[in-house]
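Visitor: Can you look at this prediction? I've put the sequence above it.
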Amino acid sequence: MATHKSAEKRDRQSKARKQRNIAAKSAVRTKVKAVVAAVGDKDKEKSTSTLKAAVPALAQAAARGLIHKKNASRKISRLTRKVNAL
């Protein structure tokens, strides 16, 4: 446990960042699931529109360091291939 002022502040900051990161990752996962669901329903228009929302979210998560850059690139590529296959 933190015993001096600066360590207590670092603890508060890390907890706040952790909550923010968890929320951001969850939002990205939700957008990815929406694309997969739309592809599963064979809905071309909905899958295209949800993909347009998911791609920037994944790119932004990678830019912020929430997920690795190559992980985001791989997810974008796979989702795009699924949508284009419809």
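Guide: Cool, the structure landed.

Visitor: what helix or strand is residue 3 on?
Guide: Taking DSSP states H and E as the definition, residue 3 sits outside all helices and strands.

Visitor: Distance of it relative to residue 71?
Guide: Using CB to CB, to the nearest Å, residue 3 is found at 37 Å from residue 71. Just so you know, the C-beta spots here come from the backbone N, C-alpha and C atoms, and that holds for glycine as well.

Visitor: so what's residue 32 up against?
Guide: With contacts defined as CB atoms under 8 Å, 6 or more residues apart in numbering, residue 32 is in contact with 54, 58, 75, 79.

Visitor: How are the helices of this protein distributed by residue range?
Guide: 5-40, 44-64, 69-84 (DSSP state H).

Visitor: Which other helices and strands does the shortest one contact?
Guide: Helices and strands touching helix 69-84, by 3 or more CB pairs under 8 Å, 6 or more residues apart in numbering; DSSP states H and E, are helix 5-40, helix 44-64.
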